[in-house]
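A.B. asks: Starting from these lines, generate the structure:
(2 chains)
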Amino acid sequence: AQKVTQAQTEISVVEKEDVTLDCVYETRDTTYYLFWYKQPPSGELVFLIRRNSFDEQNEISGRYSWNFQKSTSSFNFTITASQVVDSAVYFCALYAGSNYKLTFGKGTLLTVNP
Amino acid sequence: GAVVSQHPSRVICKSGTSVKIECRSLDFQATTMFWYRQFPKQSLMLMATSNEGSKATYEQGVEKDKFLINHASLTLSTLTVASAHPEDSSFYICSADRGPNTEAFFGQGTRLTVV
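C.D. replies: The predicted model follows:
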């Protein structure tokens, strides 16, 4: 069975602070994919990143960076110099198994205050 | 721009009526689409997998007679909430991908309110 744990339910920071959102996953599959999605108040899910299990390189995209560590089954997401527009719910998701369904974590509500 | 379009974005209906939600992939063909339900401040729960040309696969606990899914073409899947009741009020969201192991694109979601 697949499982994604986002232990942080809510995080509140002040603009320009750095913030890290944690994600821990569980799967018995050796091939799997990890995702992060952003859900702003409008409701639509916005794709941020996809990472396969064979690629442990960290990735940076502007103010966003991701740290994938198979040894700890974690795929953490860091926003540098946060902005008010970053306020949203962020979901970590796992794609694995023979039917390749997405399993979502419970999400982390990030509030960036001015 | 959006590659998956969902319509309507918001609907209010009377208890006992049926509501149809459409999900379209705009620039690719999707043999499989997914329907999720999201309660306030909660995660997305997969309801069913919509398969083009065949019956949908429902997750455990999802009533297939209440949540009717039709995937008539490679670009369109519909979810019909039959005889809706207030407890069916929720945010419904669909997704499609270009193939296995690729990222899923989500529709804008539909906020259903049954009064």
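A.B. asks: any idea where the strands of chain B begin and end?
C.D. replies: For chain B, strands defined by DSSP state E occupy the ranges B:4-7, B:10-13, B:19-25, B:32-38, B:44-51, B:57-58, B:67-73, B:76-81, B:90-97, B:104-106, B:110-114.
A.B. asks: contacts for the second one?
C.D. replies: With C-beta atoms under 8 Å, 6 or more residues apart in numbering or on different chains as the test, strand B:10-13 has contacts from B:19, B:21, B:84, B:110, B:111, B:112, B:113, B:114, B:115. The C-beta positions use only the backbone N, C-alpha and C, and glycine is treated the same way.
A.B. asks: Give the closest residue to residue 70 in space, chain neighbours not counted.
C.D. replies: Chain wasn't specified; assuming chain A. residue A:56 (6.0 Å; C-beta to C-beta, 6 or more residues apart in numbering or on different chains).
A.B. asks: right idea, wrong chain: chain B
C.D. replies: residue B:78 (4.9 Å).
A.B. asks: ok, so what distance separates that neighbour from chain A?
C.D. replies: Distance, residue B:78 to chain A, using C-beta to the nearest C-beta, to the nearest Å: 19 Å.
A.B. asks: what about chain A, any weak spots by pLDDT?
C.D. replies: A:98-100 (pLDDT under 70).
A.B. asks: what are the pairing partners of the biggest strand by length in it, and which direction each?
C.D. replies: Using DSSP E, we find that the single longest strand of chain A is strand A:88-96. Here strand A:88-96 is paired, per DSSP bridges, with strand A:33-39 (antiparallel), strand A:101-104 (antiparallel), strand A:108-113 (antiparallel).
A.B. asks: Which one of those lies nearest to residue B:15?
C.D. replies: strand A:33-39 (28.4 Å; C-beta to C-beta).
A.B. asks: what's downstream of that closest one, the next helix or strand?
C.D. replies: Counting by DSSP states H and E, the next helix or strand C-terminal to strand A:33-39 is strand A:46-52.
A.B. asks: Could you check the angle that next one makes with strand A:33-39?
C.D. replies: Angle of strand A:46-52 versus strand A:33-39, following axes from the mean of the first three to the mean of the last three C-alpha atoms, to 10 degrees, is 170 degrees.
A.B. asks: Packing partners of strand A:46-52?
C.D. replies: strand A:33-39, strand A:59-61, strand A:64-69, strand A:74-79, strand B:104-106 (3 or more C-beta pairs under 8 Å, 6 or more residues apart in numbering or on different chains; DSSP states H and E).
A.B. asks: check contacts around the residue positioned nearest the centre of chain B.
C.D. replies: With distances taken as C-alpha atoms, centre = their mean, residue B:35 lies nearest the centre of chain B, 3.8 Å away. By C-beta under 8 Å, 6+ apart, the contact set of residue B:35 is B:23, B:46-50, B:67, B:69, B:77, B:79, B:92-94.
A.B. asks: any chance of these in JSON lines, plus pLDDT?
C.D. replies: Output for the contacts of residue B:35, formatted as JSON lines (pLDDT from 0 to 100):
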{"residue": "B:23", "pLDDT": "96"}
{"residue": "B:46", "pLDDT": "93"}
{"residue": "B:47", "pLDDT": "96"}
{"residue": "B:48", "pLDDT": "95"}
{"residue": "B:49", "pLDDT": "92"}
{"residue": "B:50", "pLDDT": "90"}
{"residue": "B:67", "pLDDT": "97"}
{"residue": "B:69", "pLDDT": "94"}
{"residue": "B:77", "pLDDT": "95"}
{"residue": "B:79", "pLDDT": "97"}
{"residue": "B:92", "pLDDT": "97"}
{"residue": "B:93", "pLDDT": "96"}
{"residue": "B:94", "pLDDT": "95"}
